[in-house]
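Colleague: Dropping the sequence and predicted coords here.
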Amino acid sequence: MTGQSHANTSRANKGVLGRGPAFWGVMVFVTTALVLMLAFGRAVESEALLLMLTLLPCALAMVMFRANYVVASSTRADGCVPRGEAQQRYIARTAIFTSLYLVAFGLLMFAERQLEISQQLTFALALLPGLAILGVFWAVGRLIIEEPDEFMRMLIVRQALVATAVALSAATVWGFLEFADLVVHIDAYYWSAAWFVGLFVGAIINRVQYGTWGAVL
């Protein structure tokens, strides 16, 4: 039984595609560094950096927190059943889609500022960042489905609901203020950023009420 437990623990700690949380965290850092190089090279406007880095704090905090969680919870109390595999898959998926988002948005900005491309190609490039964000939403949904621990799954659902409430509330209130010409116009994709901020709000609420942050940071 001890040998089987050790094998299961080793398998769980290898992560997705044989890569652990550190690998995916480094991948996000490298991708971000490339984007910043484009920005400092004036290929990307500095005003776009806020949008390009929207997912970075969420991704980095998630990777650091989950790295500790996976090590601490790689086995159940009986030492037989591996845990943390769903979280490791979530880390990998989020890191991949975050990197794709940064690359796609940087490519879109570079093409619009530096190249003369057709409207059809512009349309295709403009779709890519949005599809990458949808991939992050999908990763959160898959975590809810794949998480075997009912308590952790409840915390994830709570965070998602709080994030949705934050984003929709902000969009609704701002929309009416904008309709009354009291505030400036905000592009719709910023409400996705509000949703990710809402994940942090949900994590804080989980911490206050249950003493743990949850699985989505």
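Modeller: Okay, I see it. This is a predicted model, so every value here is computed, not measured. Residues are numbered from 1 along each chain as shown.

Colleague: only C-alpha atoms for contact and neighbour calcs from this point on.
Modeller: Will do.

Colleague: care to break this protein down by domain?
Modeller: Using automatic domain parsing, the domains assigned to the chain come out as 2-147, 149-217.

Colleague: Lowest average pLDDT across these?
Modeller: With a mean of 66, domain 2-147 has the lowest mean pLDDT of the domains of the chain.

Colleague: Could you give me the buried positions within the strand or helix carrying Leu161?
Modeller: Assigned by DSSP states H and E, Leu161 belongs to helix 150-179. Neighbour counts using 16 or more other CA atoms under 10 Å place 152-168, 171, 174-175 of helix 150-179 among the buried residues.

Colleague: would you put the C-alpha positions of stretch 136-154 in PDB?
Modeller: Extracted in PDB, the C-alpha atoms of stretch 136-154 (Å, rounded to 0.1, in the frame of the first residue of the first chain):
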ATOM      1  CA  VAL A 136      -9.900  30.700 -19.200                       C
ATOM      2  CA  PHE A 137     -13.600  30.600 -18.400                       C
ATOM      3  CA  TRP A 138     -13.700  27.100 -19.800                       C
ATOM      4  CA  ALA A 139     -10.800  26.100 -17.500                       C
ATOM      5  CA  VAL A 140     -12.700  27.400 -14.400                       C
ATOM      6  CA  GLY A 141     -15.700  25.400 -15.500                       C
ATOM      7  CA  ARG A 142     -13.700  22.200 -16.000                       C
ATOM      8  CA  LEU A 143     -12.200  22.700 -12.500                       C
ATOM      9  CA  ILE A 144     -15.700  22.800 -11.100                       C
ATOM     10  CA  ILE A 145     -16.600  19.500 -12.900                       C
ATOM     11  CA  GLU A 146     -13.300  17.700 -12.200                       C
ATOM     12  CA  GLU A 147     -12.700  18.700  -8.600                       C
ATOM     13  CA  PRO A 148     -13.500  15.600  -6.500                       C
ATOM     14  CA  ASP A 149     -13.600  17.400  -3.200                       C
ATOM     15  CA  GLU A 150     -17.100  18.700  -2.600                       C
ATOM     16  CA  PHE A 151     -16.000  21.400  -0.200                       C
ATOM     17  CA  MET A 152     -13.400  22.800  -2.600                       C
ATOM     18  CA  ARG A 153     -15.900  22.600  -5.400                       C
ATOM     19  CA  MET A 154     -18.400  24.600  -3.400                       C
END
